[in-house]
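Colleague: A predicted structure for the sequence below; I have some questions about it.
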Amino acid sequence: MYKKVYQISNRRKQQLILKDRLKLVTLLTTLFIFALSIPGISYFAIIITFFCLVIPPLSKILRESITIGRKKKTIPAKSFLVALIPLFLFSITYFTAVFGYNLVDETTAIRGVVLINISYIIGYNINFKQPFNYIYVYLALIAGGVVFVYLSVNSSSVSDIIDRSAPNFWKPGEDPVNGTVLDLYSMLGTGLIPLAFYGKNQLFNSKRYNWTAIACLTVGFMSLYTSILLQGRKAILSLFIVFITTTLFKLKSIERKDVRNFYVLLIIFLSLLLIVSFDTIAGSIFKNFEIFNRLQNEGLESGRYQAWAEILTAMPNHLFGGRAFPISESYAHNIWLDVFYDGGFLPMSLLLIFHILHIKPTLRIVFSNLPETIIILIICAMVPTLIGFQGEPVIQASLFYFATSCCFFGLVMRLSQITDLYDTVNEEPSGSEIEMEK
């Protein structure tokens, strides 16, 4: 009798594991399709994710109980709701304004409101018992966008690349996508390279780490390749900053047995930086790359700095947006200033509040006892995201990209609330690998 009960229990356990793995694969697939930015299909994919993952009873949204291992915690959703309210108000006020100014059509305005809010809600509702699954989610989101950029660049002509643009792979007959837009995804992709080098610790067994590192390096070097072809400076700048940031973080937590490998990587990185620093050496190595010539001639200079000054100067006299005054560039090339230029002071303030509300959760994760790999993941994602916000017209460039960033911020908010549920050392998963609250 006891043997029969054990067999039933074991069979039930295996069924739950299979069911949860199927949920994980479905989530990763829909997020990857969403990031591909396929007209119609990607929007449908994120809607499916929302209805399958979220839509829990209202009581669970407002007060949720999470169990990881033997630890249990009840999480009031106060921080989540406090952040969701300004995001929702931003989406309503901004898209109402830009639609009123005939800067977007009605369909784009409605889809913008829906995409932005449900992406943040989805990010917050992703809840795993095993923290390494968060890496797979982020990898799926970034890989989709990088594949879209890679396909677009490789379908372009030489003249398009020289002009720093590429045709939209999904809409080849329409206007090409500007290189600065494509560089947004490239920045996120190159940020995965340091994760592959510094991510190995107690979180992964060797087999899992090797496959994850291969995936991160593949996506990272695809991004680097497209960025070099399009002469994008910010992806390379972002890679250096992420490497420096993760190196500084690693210095404070490195184990003695990893010292040799760490210093080998550091020497390689500093050697590459030294080569690029010397014009004569770098000129002979990179003379065939247009991006090097652009860096030599322009450095980090850009007309966007003048556009920022023009908008800040005119801001007190034009609080309602609508592109009411001319600037020297087509866009301000700054997410908050571009929102102001199009939609006005109120949407800009609401978006700024939303982003400020995620500073404390991010710092809480960085200084928490979460596995080191997860902290490095947050650094590798946050740095290129902020660089993109500071230097590109993000919302005007790609609603899908901005929605992806909202999903990431939702993930950050959730992780910051459950840092104490994870031990520094995580064993291999036993039982269910994924927990999604419904």
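Modeller: Arrived safely.
Colleague: lowest-confidence helix or strand of this protein?
Modeller: Lowest by mean pLDDT, DSSP states H and E among the helices and strands of the chain is helix 279-286, with a mean of 44.
Colleague: Might you list the low-confidence residue ranges for the stretch 101-250 of the chain?
Modeller: Across the stretch 101-250 of the chain, the ranges flagged by pLDDT under 70 are 156-164, 199-207.
Colleague: Where do the strands of it begin and end?
Modeller: According to DSSP state E, counting those that start in this stretch, the stretch 101-250 of the chain carries its strands in the segments 165-166, 177-178.
Colleague: can you list the ones you listed in TSV and add distance to residue 120?
Modeller: Backbone N, C-alpha and C define where each C-beta goes, glycine included. Below are the strands of the stretch 101-250 of the chain laid out as TSV (distance: least, CB to CB, whole Å):
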stretch	distance to residue 120
strand 165-166	29
strand 177-178	25
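Colleague: What's the separation between residue 409 and residue 333?
Modeller: According to CB to CB, to the nearest Å, residue 409 and residue 333 sit 21 Å apart.
Colleague: I meant to write residue 133 there.
Modeller: Taking CB to CB as the measure, residue 133 falls 35 Å from residue 333.
Colleague: What number of residues are in the vicinity of the residue lying closest to residue 416 once chain neighbours are set aside?
Modeller: Leaving out its chain neighbours, the residue that sits closest to residue 416 by CB to CB, 6 or more residues apart in numbering is residue 361, at 3.4 Å. For residue 361, the neighbour count with other CB atoms under 10 Å is 20.
Colleague: does residue 361 sit in a helix or strand, and which one?
Modeller: Using DSSP states H and E, residue 361 sits within helix 359-366.
Colleague: Mean confidence (pLDDT) on that helix, please.
Modeller: Averaging pLDDT along helix 359-366 yields 91.
Colleague: what's next to that helix, contact-wise?
Modeller: 79, 249, 374-375, 378-379, 382, 412-413, 415-417, 419 (CB atoms under 8 Å, 6 or more residues apart in numbering).
Colleague: May I see those residues organised as JSON lines, with secondary structure, neighbour count and distance to residue 400 added?
Modeller: Below are the contacts of helix 359-366 laid out as JSON lines (DSSP: H, G, I helix; E, B strand; the rest coil; neighbours: other CB atoms under 10 Å; distance: CB to CB, whole Å):
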{"residue": "79", "secondary structure": "helix", "neighbour count": "18", "distance to residue 400": "26"}
{"residue": "249", "secondary structure": "helix", "neighbour count": "17", "distance to residue 400": "30"}
{"residue": "374", "secondary structure": "helix", "neighbour count": "22", "distance to residue 400": "25"}
{"residue": "375", "secondary structure": "helix", "neighbour count": "20", "distance to residue 400": "27"}
{"residue": "378", "secondary structure": "helix", "neighbour count": "22", "distance to residue 400": "21"}
{"residue": "379", "secondary structure": "helix", "neighbour count": "21", "distance to residue 400": "24"}
{"residue": "382", "secondary structure": "helix", "neighbour count": "20", "distance to residue 400": "19"}
{"residue": "412", "secondary structure": "helix", "neighbour count": "21", "distance to residue 400": "19"}
{"residue": "413", "secondary structure": "helix", "neighbour count": "23", "distance to residue 400": "21"}
{"residue": "415", "secondary structure": "helix", "neighbour count": "27", "distance to residue 400": "23"}
{"residue": "416", "secondary structure": "helix", "neighbour count": "20", "distance to residue 400": "25"}
{"residue": "417", "secondary structure": "helix", "neighbour count": "21", "distance to residue 400": "27"}
{"residue": "419", "secondary structure": "helix", "neighbour count": "16", "distance to residue 400": "29"}
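Colleague: Now the two most distant members of those residues.
Modeller: Greatest spatial distance among those (CB to CB): 79 and 249, at 24.2 Å.
Colleague: what's residue 234 in contact with, if anything?
Modeller: Listed by CB under 8 Å, 6+ apart, the contact set of residue 234 reads 183, 187, 387, 388, 391, 392.
Colleague: how near is the fourth one to residue 91?
Modeller: Same thing as residue 388. To residue 91, residue 388 is 19 Å away according to CB to CB.
Colleague: ditto for the fifth one
Modeller: The spacing between residue 391 and residue 91, counted by CB to CB, is 23 Å.
Colleague: Please apply the same query to the first one.
Modeller: The span separating residue 183 from residue 91 equals 25 Å under the rule CB to CB.
Colleague: what's around residue 227, how many residues?
Modeller: 27.
Colleague: and the spatially closest residue to it that is not a sequence neighbour, how many neighbours does it have?
Modeller: Nearest residue to residue 227, sequence neighbours excluded (CB to CB, 6+ apart): residue 235, at 3.7 Å. Residue 235: 27 surrounding residues under other CB under 10 Å.
Colleague: quick one, what contacts residue 235?
Modeller: Applying CB under 8 Å, 6+ apart, the residues near residue 235 are 183, 186, 187, 189, 190, 223, 224, 227, 384.
Colleague: what's the spacing between it and residue 347?
Modeller: Taking CB to CB, one finds residue 235 at 28 Å from residue 347.
Colleague: Could I get the full set of helices for the stretch 251-400 of the chain?
Modeller: 259-277, 279-286, 290-298, 304-314, 335-343, 345-356, 359-366, 372-391, 394-397, 399-417 (DSSP state H, counting those that start in this stretch).
Colleague: Comparing those helices, which yields the minimum mean pLDDT?
Modeller: For the helices of the stretch 251-400 of the chain, mean pLDDT drops lowest on helix 279-286, to a mean of 44.
Colleague: how many other residues sit next to residue 173?
Modeller: Counted with other CB under 10 Å, residue 173 comes out at 6.
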